[in-house]
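Trainee: Only the shape, not the letters, is given here:
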Ligand SMILES: Nc1ncnc2c1ncn2[C@@H]1O[C@H](COP(=O)(O)OP(=O)(O)O)[C@@H](O)[C@H]1O
Ligand SMILES: N[C@@H](CCOP(=O)(O)O)C(=O)O
């Protein structure tokens, strides 16, 4: 997708007068997202990104946008929300909440090398620590409660084999979430969707994390698992690439040392993150919404990854004392 809600230059020209951004000069829909309607906009002050939120509400959005503001002010490179003259960073456009944020330089690195994975691991650790004192608490809305709600919705669409995988993995994850080890895992605000398409690089230089609209409070290890399961794999098979895994985990550990409980929880967490994206892709695939442009994500990719993470022993989270 994603332009679910079209915005013309005329629409933007009148809406933008509430900001100190000068006149609107251009607007261009962005096709690659799947959750929101995104646009690159050019004003007399420069280039920005406009997002019209399709599902997130005025009640939920302050968490995401204030988190981005908190991180940007804390020196983590993320898009900074722009306030209107009244100080509001969430404003209605076509009856939906919308925001303008600064545009990050560079491009997504879709074929990452260990150097990119190390940069992402280091910044992820910095982000977790910088978000620790963020005051708004909102759960991960794509966390285990959502998995349990979504399982019966997608179940009728699955083969017997996949039904069995989903049922047994949900039982495993519910038991893991109730375990003493899980309760000891450090937590706080996490990005929760730090895929290669949500990080900008200028050459080998990381210029920022973006797309915080799945962020929520959850274990830091879940964030690491989501990130490793996308950045450090052979894209065809889903197998972990040892060099990239080590580069990312070692760089993270150097800044925020992993705990002994996290070491124990690592393999279940890799499975949990695969399950989360298998479920959301199944849901989006079987319950699609209308859109002007739509790129569906393949659920089978994460089914494959889930099976691999169950079958193969995960690489150690850290190899030195934490
Ligand atoms: N702050 C930003 N700076 C630069 N590019 C951005 C920014 N936000 C979004 N983009 C671009 O828009 C695309 C879609 O944004 P994304 O947030 O991933 O959409 P969605 O939330 O709908 O999945 C990204 O792949 C990126 O190219
Ligand atoms: N990363 C998720 C889908 C979320 O899409 P995004 O464009 O907002 O990152 C997936 O790959 O399933």
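Mentor: Structure received. All of these numbers come straight from a predicted model, not from anything done at the bench. Ligands and ions are numbered 1, 2, ... in the order given.

Trainee: Return the distance of the spatially most central residue of the chain relative to residue 116.
Mentor: Against the mean C-alpha coordinate of the chain, by CA atoms, centre = their mean, the closest residue is residue 193 at 1.8 Å. Residue 193 sits 17 Å away from residue 116, going by CB to CB, to the nearest Å. The way it works is simple: take the backbone N, C-alpha and C, and place the C-beta from them, glycine included.

Trainee: Can I take it that the residue nearest to the centre of the chain is in a helix?
Mentor: No - counting by DSSP: H, G, I helix; E, B strand; the rest coil, residue 193 is located in no helix; its state is coil.

Trainee: Grab the nearest non-local neighbour of it.
Mentor: Spatial nearest neighbour of residue 193, excluding adjacent residues (CB to CB, 6 or more residues apart in numbering): residue 214 at 4.0 Å.

Trainee: got the contact list for the one you found?
Mentor: Residue 214 sits next to 35, 140, 141, 142, 191, 192, 193 when contact means CB atoms under 8 Å, 6 or more residues apart in numbering.

Trainee: The fifth one is in contact with residue 198, isn't it?
Mentor: Yes - Residue 191 lies in contact with residue 198 (CB atoms under 8 Å); the separation is 7.5 Å.

Trainee: hey, what's in contact with both of those two?
Mentor: Shared contacts of residue 191 and residue 198, counting by CB under 8 Å, 6+ apart, come down to residue 209.

Trainee: Comparing those two, which residue is more hemmed in?
Mentor: Higher neighbour count among residue 191 and residue 198: residue 191, with 27 against 19, using other CB atoms under 10 Å.

Trainee: so what's the more buried one up against?
Mentor: Taking CB under 8 Å, 6+ apart, we find residue 191 in contact with 124, 127, 198, 209, 212, 214, 215, 223, 226.

Trainee: just checking, residue 195 touches residue 228?
Mentor: No - the criterion here is CB under 8 Å, and residue 195 misses it with residue 228 at 11.1 Å.

Trainee: Looking only at neighbour counts, state which of the two leads.
Mentor: A side-by-side neighbour count of residue 195 and residue 228, using other CB under 10 Å, places residue 228 first with 29 against 17.

Trainee: Is that one within a helix or a strand, and which one?
Mentor: With secondary structure defined by DSSP states H and E, residue 228 is part of helix 220-231.

Trainee: got the contact list for that helix?
Mentor: 112, 116-117, 120-121, 124, 128, 140, 185-188, 190-196, 240, 244-245, 248-249, 252, 256, 258, 262, 265-266, 269-270, 272-274, 276-277, 305, 309.

Trainee: Give the buried subset of these as a PyMOL selection command.
Mentor: A single PyMOL command selects the buried members of the contacts of helix 220-231 (16 or more other CB atoms under 10 Å):
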select buried, resi 112+116+117+120+121+124+128+140+185+187+188+190+191+192+193+194+195+196+240+244+245+248+249+252+256+258+262+265+266+269+270+272+273+274+276+277+305+309
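
Trainee: re the thing from before, test for you: state the pLDDT assigned to the residue nearest to residue 193.
Mentor: With respect to pLDDT, residue 214 scores 94.

Trainee: That one belongs to a helix, doesn't it?
Mentor: No - using three-state DSSP, the assignment for residue 214 is coil, not a helix.

Trainee: Could you report the distance from it to ligand 1?
Mentor: 8 Å (CB to the nearest ligand atom, to the nearest Å).

Trainee: which residues are contacting whichever helix or strand comes after the helix holding residue 228?
Mentor: Per DSSP H and E, the first helix or strand lying C-terminal to helix 220-231 is helix 242-255. For helix 242-255, the surrounding residues in contact (CB under 8 Å, 6+ apart) are 112-115, 117-122, 124-126, 129, 224, 227-228, 231-232, 258, 315, 317-318, 320, 322.

Trainee: can you check stretch 157-176 too?
Mentor: 144, 147-148, 151, 154-155, 182, 265, 268, 271-272, 275, 278-279, 282, 286, 303, 306-307, 310.

Trainee: Generate a ChimeraX selection restricted to the buried subset of those residues.
Mentor: Once 16+ other CB under 10 Å is used to decide burial, the buried members of these can be selected in ChimeraX as follows:
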select :144,147,151,154,182,265,268,271,272,275,278,279,282,303,306,307,310
